[in-house]
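Student: need a 3D model of the sequence below.
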Amino acid sequence: QVNLVESGGGLVQPGGSLKLSCTASGFTFSEYAMSWVRQGRGKGLEWVSALHTTNGGPRYSDAVKGRFSISRDNTKNTLYLEMTGVILEDTAIYYCVRGASIWGSAEDFWGQGTQVTVPS
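Tutor: Predicted coordinates for the structure are as follows:
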C-alpha cells in the first residue's frame, strides 16, 4: 500500500534552517508529482510547495518563496523540503502529499506529518 513517512521536524530558532524528508513506498515514486502542505495550530491546510516528477519546475507559495527549496531523489524514493530563514509563521505540521493539485493531479495520499516549531 502507499506509504509516506515524513521526518526531520523539530524545534528550530528563528532564522535557522531545517530539512524535512519524506520517504515513499508502495508506488512508483518517480511517476508522481509531489507536494508539501502544512497546517498551523488552529489553522487550515496551507499548500507550501510542489515538484514535478523530476526536479524541474518547482512551485512555492508566496509565504515561503525564496526561503524554502523542494527537491527529490527518485533513486531513494525521497522528497525533501529545505527550510531556511524560518519565521514564527512557519510553525506547523508539515505533510508530504502524493500528487499536486497545482498541476491537476489529485493529492490522494498523505503522510502522518512532522511537526516544525519556531519559538517566539
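Student: look up which residues are beta-bridged to the residue positioned nearest the centre of the chain.
Tutor: Centroid check for the chain by C-alpha atoms, centre = their mean gives residue 36 as the closest residue, at 2.8 Å. Bridge pairing for residue 36 (DSSP bridges) gives the partners residue 49, residue 96.
Student: surely it and residue 81 touch.
Tutor: Yes - if you go by C-beta atoms under 8 Å, residue 36 and residue 81 touch, sitting 5.0 Å apart. Heads up, the C-betas are built off the backbone N, CA and C, glycines and all.
Student: overlap in contacts, the two.
Tutor: 20, 22, 48-49, 70, 94 (C-beta atoms under 8 Å, 6 or more residues apart in numbering).
Student: still on that earlier bit, now for the residue nearest to the centre of the chain: which residues touch it?
Tutor: 20, 22, 48-50, 70, 79, 81, 94-97.
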